[in-house]
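S.K.: Need a 3D model of the following:
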Amino acid sequence: MDYDFVVVGAGPVGGLLARRLSEGGSSVLIIEEHAQIGRPFQCAGLVNPGAMELIGLHDTVLTPIWGARIHGPSGEVVSIGSPDTVRTWSVCRKMFDEAIVESALESGAELWLSSSPKSAEQDGDGVSITISTPTGDVDLRCSMLCGADGSHSWVRRKFRMGRPKEMMIGFQLEVTGYVGEIGKLDMYTGSKIAPGFFAWAIPSGDTTRIGAWSKAELLGGRSPEQLLNTLMHEPQWSHRFSACREVGRFCGPVPSGLVKHPLKGRVMLFGDAAGLCKPTTGGGIGPGFMHVETTVPDLLKRVRGEITQSKFETIVTENHKPIRKEQLRARALRDAFLTQMNDQELDEVFSVWSKPEVTELINEVGEIENPIPLGMQMLREVPEFRSLAKRAIKAVLWG
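M.R.: Residues are numbered from 1 along each chain as shown. As a prediction, this is how the structure comes out:
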């Protein structure tokens, strides 16, 4: 073999995967279709505390986020959080991605930029790949091919590994001049601005990332860009956006729901390529990192011949069961409290959330990247939510 592993995609998940494989003593090649790391990016740039603790890249942080202002369709505002507890970190994605890939290179991985897979075939021993590079096509062979190449994954499509259960679409602007609160992100809801989902304004140092996302079937012929424009001109919020000046824009899909075949023989998917984005927030870095950490030890054993292919497939299947279950439960919660509600029902939810005892519960149990414990406790302890969310109880409790 030319390499033990070829990792397609040099985003944060591909970078961490390459680093862990290299640290385990394997030879690793990363190929990245773009000419630089960290551009373009399509997410809001939030990294949860667990993921940040794992890699320790606090020097890439632009703003620590400790709270949120959540806005109902009619203007009800629920303010949560405390400066004593950082809930998530807003990072510079270019610096963040570069630092992770650099750590992979320091561990022994190689990186080819402006390079992408052109063809690939696997057999029982490995994968033969043709890679398009700036100097011509290169043929090589590896023991395992790892697809960390995003929502439109070439690897996933080439080997027919399935599709994510949901594909949301989002649009985001980076602006100066937004009127927000230090350390707090803003979330906006309502059918006009984010049907079934929410819009956001996330402080990121000297700028703010504002965006909206939804599912195609809920847009009614509109685009996420039009939704965001509606938010910025909505009379009750327009004063926050009136001085905004655009400095960048990003658009892309958000794949959620683990694909049917994340492992096929000598080919495996990671991150967005596997459909690991959270149904509730669209966040993909945290679950992508956790997937890498739980998978790499057995992946290394497989390549070393310490376990058989059938044993490895059994291990991967068992490891993926809790991921599928958690995504199902999270989607059920999102649907119950957000996606399946009209604006009137959402306003009823916000009127309950604004009660001091419920806000206290949110502050005590709530976590941006893991809303399931809070959702389940609300269903148990807040009588009003039992009727509002009864359609999701079965999926949440037994999904």
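S.K.: Flag the helix or strand of the protein with the lowest per-element mean pLDDT.
M.R.: Taking mean pLDDT, DSSP states H and E as the measure, helix 390-398 is the helix or strand of the chain with the lowest mean score, a mean of 53.
S.K.: in the sheet, who's paired with residue 256?
M.R.: residue 166, residue 276 (DSSP bridges).
S.K.: In the record's domain split, what are the boundaries for the protein?
M.R.: Domain assignment for the chain, taken from automatic domain parsing, gives 3-42+93-164+256-321, 46-91+168-255, 329-398.
S.K.: so can I have CSV of those showing mean neighbour count?
M.R.: For glycine as for every other residue, the C-beta is placed from the backbone atoms N, C-alpha and C. Formatted as CSV, the domains of the chain follow (neighbours: other C-beta atoms under 10 Å):
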stretch, mean neighbour count
domain 3-42+93-164+256-321, 20
domain 46-91+168-255, 18
domain 329-398, 17
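S.K.: check contacts around residue 215.
M.R.: Contact partners of residue 215, counting by C-beta atoms under 8 Å, 6 or more residues apart in numbering, are 166, 167, 168, 169, 196, 197.
S.K.: Who does it form a beta bridge with?
M.R.: residue 168.
S.K.: Okay, it and residue 262: tell me how far apart.
M.R.: Using C-beta to C-beta, to the nearest Å, residue 215 is found at 22 Å from residue 262.
S.K.: related to what we said a few turns ago, which of the domains of the chain has the lowest mean pLDDT?
M.R.: Across the domains of the chain, domain 329-398 has the smallest mean pLDDT, namely a mean of 74.
S.K.: give me the element residue 324 is part of.
M.R.: If you go by DSSP states H and E, residue 324 is part of helix 309-334.
S.K.: other SSEs contacting that helix?
M.R.: For helix 309-334, the packing partners by 3 or more C-beta pairs under 8 Å, 6 or more residues apart in numbering; DSSP states H and E come out as strand 263-264, helix 285-304, helix 372-381, helix 390-398.
S.K.: 10 Å instead?
M.R.: Applying 3 or more C-beta pairs under 10 Å, 6 or more residues apart in numbering; DSSP states H and E, one finds that helix 309-334 contacts strand 245-256, strand 263-264, helix 285-304, helix 372-381, helix 390-398.
S.K.: What is the helix or strand following it packed up against?
M.R.: Toward the C-terminal end, the helix or strand that comes next after helix 309-334 (DSSP H and E) is helix 343-353. Contacts defined by 3+ C-beta pairs under 10 Å, 6+ apart place helix 343-353 against strand 67-71, strand 77-81, helix 356-365, helix 372-381, helix 383-388.
S.K.: now the ones you listed as a markdown table including distance to residue 149?
M.R.: Listed next are the helices and strands packed on helix 343-353 as a markdown table, based on distance: least, C-beta to C-beta, whole Å:
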| stretch | distance to residue 149 |
| --- | --- |
| strand 67-71 | 32 |
| strand 77-81 | 35 |
| helix 356-365 | 36 |
| helix 372-381 | 29 |
| helix 383-388 | 40 |
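S.K.: how about the ones you listed, which one is nearest residue 90?
M.R.: Of all the helices and strands packed on helix 343-353, the one in closest proximity to residue 90, counting by C-beta to C-beta, is strand 67-71 (12.3 Å).
S.K.: And the contacts of that closest one?
M.R.: Strand 67-71 has contacts (C-beta atoms under 10 Å, 6 or more residues apart in numbering) with 76-83, 85-88, 180-190, 193, 198-202, 231, 236-237, 349-350, 353-354, 362-363, 366, 368.
S.K.: any chance you could map the helices in the stretch 51-200 of the chain?
M.R.: With helices called from DSSP state H, counting those that start in this stretch, the stretch 51-200 of the chain shows them at 93-106, 154-158.
S.K.: which residues make contact with the shortest one from outside it?
M.R.: Right, helix 154-158. By C-beta under 10 Å, 6+ apart, the list of residues contacting helix 154-158 reads 6-9, 33, 116-122, 127, 145-150, 161-164, 255, 259, 261-262, 264, 267-270, 272-275.
S.K.: Now intersect those with the strands, please.
M.R.: Using DSSP state E, the subset of these located in strands is 6-8, 116-122, 127, 145-147, 255, 264, 267-269.
S.K.: so residue 192 sits right up against residue 74, yeah?
M.R.: No: checked against C-beta atoms under 10 Å, the pair residue 192 and residue 74 is beyond contact range at 11.2 Å.
S.K.: so what's in contact with the two at the same time?
M.R.: Common contacts of residue 192 and residue 74 (C-beta under 10 Å, 6+ apart): residue 343.
S.K.: if I look at residue 295, how far off is residue 313?
M.R.: For residue 295, the distance to residue 313 - C-beta to C-beta - is 12 Å.
S.K.: what sits in contact with each of the two?
M.R.: Taking C-beta under 10 Å, 6+ apart as the criterion, residue 295 and residue 313 both touch residue 263.
S.K.: Centre-most residue in the protein?
M.R.: residue 284 (1.7 Å; C-alpha atoms, centre = their mean).
S.K.: Now for that one: which residues touch it?
M.R.: Shown in contact with residue 284 (C-beta under 10 Å, 6+ apart): 11-13, 42-43, 150-151, 254-256, 271-272, 274-278.
S.K.: The spatially closest residue to it that is not a sequence neighbour: what's it in contact with?
M.R.: Leaving out its chain neighbours, the residue that sits closest to residue 284 by C-beta to C-beta, 6 or more residues apart in numbering is residue 277, at 4.2 Å. Contact analysis of residue 277 by C-beta under 10 Å, 6+ apart lists 43, 151, 164, 166-168, 253-257, 271, 283-288, 327.
S.K.: run the last query once more with 6 Å
M.R.: Contacts for residue 277 (C-beta atoms under 6 Å, 6 or more residues apart in numbering) come out as 254, 255, 256, 284.
S.K.: before we move on, what about residue 264?
M.R.: 159, 161.
S.K.: Right, I'll leave it there.
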